[in-house]
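S.K.: Sequence and predicted structure, then a few things I'm wondering about:
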Amino acid sequence: MDYNLKEIDTYAKKWVKEAGENIRASFPKTLNVTSKSNPNDLVTDIDKGTEKYFIEKIKGTYPNHRILGEEGYGDKVTALSGVVWIIDPIDGTMNFVHQQRNFAISIGIYIDGEGMIGLIYDVVHDELYHCIKGNGVYLNENSVPNLEPSIVSESIIALNATWVAPNKRINHELLIPLVKDVRGTRSYGSAAMEMVYVATGRIDAYLTPRLAPWDIAAGIIMIKELGGEATTLRGEEFNMLQENSLFVSKPGLHADILKNYLKDGKW
Ligand code: IPD
Ligand code: CA
Ligand code: CA
């Protein structure tokens with residue numbers, strides 16, 4: 001398939017900014033909030049409207065591109081051949097509903113299965129993190145430096161309490177040694193934001209038991225581009241057509257935590 005990465009990236013950035021503008025304009029209005037798989041799995045009319053907005057723009061310009069979107073308005077994607085846009089219209093919907101901050105639009109563009117373009121837009125701060133594979137990562141117009149190695153005792157790691165959810169069947173006690181040994185822990189409530197915090201060195205690692213492809217598609221492209229590591233909690237590659245566990249971190253730290261803290265876990 002013929003494609004022009006630079007052109008796709010230019011459109012993607014334009015549409016993400018426009019979608020963000022629409023989301024900001026929604027703030028004074030009353031949200032229509034419903035729940036999906038459980039009472040805490042929230043979705044709003046803005047999540048749905050934003051996904052539909054992207055689909056209309058992408059299909060209008062690139063009818064052959066396919067879309068894997070969280071809200072299900074895109075295509076039924078069962079293989080990653082061709083150009084596939086993996087979209088989370090609002091990552092951190094609970095934050096969006098409760099706080100109107102700490103959420104992001106996340107888009108990863110995969111070509112024949114390879115992550116080529118990543119965009120994560122912190123709508124409230126008008127901060128667009130973007131990356132074309134091989135061309136570095138930018139925060140708006142500013143280049144983001146490569147990641148430097150870190151050690152456990154000087155690291156801040158992001159985790160969340162979903163480890164203890166009954167359906168996760170993960171023994172969270174396995175994480176206690178790591179939590180004791182790190183400098184600090186954080187939990188922000190948006191996987192995409194947590195991944196750009198790793199990419200920008202604000203935190204050193206992020207680990208979580210189960211995320212969907214749209215939560216991680218953009219972030220892993222950026223972290224790898226900056227010399228960081230992105231794998232499952234078992235140190236394996238992701239399957240972007242299903243849920244995965246996630247462990248992203250600075251170089252060096254990744255191997256250390258995998259070997260010394262995660263290796264016996266039933267992730
Ligand atoms: C959620 C957020 C959250 C993570 C959940 C995700 P959503 O995405 O990324 O941080 O812990 O697993 O589902 O539902 O707000 O798009
Ligand atoms: Ca999400
Ligand atoms: Ca979402």
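M.R.: Perfect, thanks for sending it. Ligands and ions are numbered 1, 2, ... in the order given.

S.K.: quick one, what contacts Ala217?
M.R.: Taking C-beta atoms under 8 Å, 6 or more residues apart in numbering, we find Ala217 in contact with Ile86, Asp88, Ser106, Ile107, Gly108, Tyr110, Gly115, Gly118, Met240. For glycine as for every other residue, the C-beta is placed from the backbone atoms N, C-alpha and C.

S.K.: need the contact list for the closest residue in space to the last one that isn't next to it in sequence.
M.R.: Using C-beta to C-beta, 6 or more residues apart in numbering and skipping residues adjacent in sequence, the residue nearest Met240 is Pro213, 4.7 Å away. When the contact criterion is C-beta under 8 Å, 6+ apart, the partners of Pro213 are Leu68, Ile86, Phe238, Met240, Leu241, Gln242, Glu243, Asn244.

S.K.: just Asp75 next, same as before
M.R.: Each residue near Asp75 by C-beta under 8 Å, 6+ apart is listed here: Arg66, Ile67, Leu68.

S.K.: which other helices and strands contact the longest helix along the chain?
M.R.: Taking DSSP state H as the criterion, the chain has its longest helix at helix 5-26. Helix 5-26 is packed against helix 45-61, strand 83-91, strand 104-111, strand 114-122, strand 127-132, with contacts defined by 3 or more C-beta pairs under 8 Å, 6 or more residues apart in numbering; DSSP states H and E.

S.K.: hmm, the helix or strand just after the longest one touching ligand 2?
M.R.: Using DSSP states H and E, the helix or strand that follows helix 45-61 in sequence is strand 66-69. No. Shown here: strand 66-69 not in contact with ligand 2 (C-beta under 5 Å from the ion), separated by at least 10.9 Å.

S.K.: List the strands paired with strand 66-69, with their directions.
M.R.: The pairing partners recorded for strand 66-69 under DSSP bridges are strand 83-91 (parallel).

S.K.: The strand it pairs with: how far from the chain's middle?
M.R.: For strand 83-91, the separation from the chain centroid amounts to 9 Å (computed by C-alpha atoms, centre = their mean, to the nearest Å).

S.K.: now it against helix 45-61, angle please.
M.R.: Strand 83-91 runs at 160 degrees relative to helix 45-61, counting by axes from the mean of the first three to the mean of the last three C-alpha atoms, to 10 degrees.

S.K.: out of the contacts of Ala217, which one sits closest to ligand 3?
M.R.: Lowest distance from ligand 3 to those (C-beta to the ion) belongs to Asp88, with 4.5 Å.

S.K.: what's across from the closest one in the sheet?
M.R.: Beta-bridge partners, per DSSP bridges, of Asp88: Ser106.

S.K.: So it is in contact with Phe103, correct?
M.R.: No. Distance between Asp88 and Phe103: 9.7 Å, which falls outside the contact criterion (C-beta atoms under 8 Å).

S.K.: Which residues does stretch 238-248 contact?
M.R.: Stretch 238-248 has contacts (C-beta under 8 Å, 6+ apart) with 77-80, 86, 110, 113, 191, 195, 198, 205-213, 215-217, 219-220, 223, 228-235, 254, 257-258, 262, 267.

S.K.: These, buried ones only, as a ChimeraX selection?
M.R.: Per 16 or more other C-beta atoms under 10 Å, the buried members of the contacts of stretch 238-248 correspond to this ChimeraX selection:
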select :77,80,86,110,191,195,198,205,206,207,208,209,210,211,212,213,215,216,217,219,220,223,228,229,230,231,232,233,235,254,257,258,262,267
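
S.K.: now, which of the contacts of stretch 238-248 lie within helices?
M.R.: Reading helices off the contacts of stretch 238-248 with DSSP H, I get Ala191, Met195, Val198, Pro213, Asp215, Ile216, Ala217, Gly219, Ile220, Ile223, His254, Ile257.
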